[in-house]
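Peer 1: Give me a model of this one.
(one chain, ligands or ions: 1)
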Amino acid sequence: MKNAIYLLFPYPVMVCAKNYEFSSAEKNYICELEMANNTGNLMSKNDKILDSKELSDLKLFIDEQILIFKKNLLGIKDANEIYITQSWVNRSKPGEFHPKHKHPNSVISGVMFFDENKDGSLPPIRFHRTLEMFPLEFEFDNLNESNAGCRSFETVQGGLILFPSLLEHDVAKNESDRVRTSISFNTYVRGAVGSGRKLTEINIA
Ligand SMILES: [Fe+2]
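Peer 2: Take a look at the predicted model:
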């Protein structure tokens, strides 16, 4: 008989089944965005890029995937709408990186990879365990879902990953000779949350 293993209270990360195909107009718009310095890399000065008419098809695609994550995976009730707040472009030139961070004041965040990466030379995004399991740094014979403190996802053009915004992530130093570009966004919620009887009710407009 096999032992039953339960991975309790996971942080769900969704790699969308379909990769988005950027039109040449969208590629041009993204490539021509004005960039500003960020810690370790660059980010677009525009922090509402998905509100632009040039990226309206991309926003539709992302909104659809957010709805799948919210409704089918998390089962959050229809009364709560999850909508995109800020959206921006990150750019790591060779030698640059994206330090470990999370996205406060957001519910679900996402990242979409922009570049072709057939040779796999662009660094992956890495998610990190939020709560340490033990107060000791064990060495493991092999890594699996039970013991890993870090999980990488390869950069695939048009690939979209959705995750709870408080899940920490980073991107290692770009060791390739190409620029790594990604699109990120945050979301928030509208509608009533909590319960009047429990004195936890809040109505978020
Ligand atoms: Fe991020």
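Peer 1: what about stretch 14-25, distance to the chain center?
Peer 2: Taking the mean of its C-alpha atoms, stretch 14-25 sits 14 Å from the chain's own mean (CA atoms, centre = their mean, to the nearest Å).
Peer 1: Span of that stretch from start to end?
Peer 2: Distance across stretch 14-25, first residue to last, is 27 Å (CA to CA, to the nearest Å).
Peer 1: so Ala25 sits in a strand?
Peer 2: No - assigned with DSSP: H, G, I helix; E, B strand; the rest coil, Ala25 falls outside any strand and is helix.
Peer 1: can you count the residues close to it?
Peer 2: Counted with other CB atoms under 10 Å, the burial measure for Ala25 works out to 11 neighbours. In short, each C-beta sits where N, CA and C put it, glycine included.
Peer 1: Now it: closest residue in space that isn't a chain neighbour?
Peer 2: Glu54 (6.5 Å; CB to CB, 6 or more residues apart in numbering).
Peer 1: How about the secondary structure of that neighbour?
Peer 2: Glu54 carries the three-state label helix when classified by three-state DSSP.
Peer 1: ranges for the strands of this protein?
Peer 2: 14-15, 35-37, 42-44, 81-92, 98-101, 108-113, 125-128, 150-153, 160-164, 169-171, 180-193, 202-204 (DSSP state E).
Peer 1: I'd like those laid out as JSON lines, including distance to Leu50, mean neighbour count and mean pLDDT.
Peer 2: Formatted as JSON lines, the strands of the chain follow (distance: least, CB to CB, whole Å; neighbours: other CB atoms under 10 Å; pLDDT from 0 to 100):
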{"stretch": "strand 14-15", "distance to Leu50": "18", "mean neighbour count": "16", "mean pLDDT": "98"}
{"stretch": "strand 35-37", "distance to Leu50": "17", "mean neighbour count": "12", "mean pLDDT": "94"}
{"stretch": "strand 42-44", "distance to Leu50": "11", "mean neighbour count": "19", "mean pLDDT": "95"}
{"stretch": "strand 81-92", "distance to Leu50": "4", "mean neighbour count": "20", "mean pLDDT": "97"}
{"stretch": "strand 98-101", "distance to Leu50": "19", "mean neighbour count": "15", "mean pLDDT": "95"}
{"stretch": "strand 108-113", "distance to Leu50": "10", "mean neighbour count": "24", "mean pLDDT": "98"}
{"stretch": "strand 125-128", "distance to Leu50": "19", "mean neighbour count": "18", "mean pLDDT": "98"}
{"stretch": "strand 150-153", "distance to Leu50": "21", "mean neighbour count": "14", "mean pLDDT": "96"}
{"stretch": "strand 160-164", "distance to Leu50": "12", "mean neighbour count": "21", "mean pLDDT": "98"}
{"stretch": "strand 169-171", "distance to Leu50": "20", "mean neighbour count": "21", "mean pLDDT": "97"}
{"stretch": "strand 180-193", "distance to Leu50": "6", "mean neighbour count": "19", "mean pLDDT": "97"}
{"stretch": "strand 202-204", "distance to Leu50": "20", "mean neighbour count": "10", "mean pLDDT": "96"}
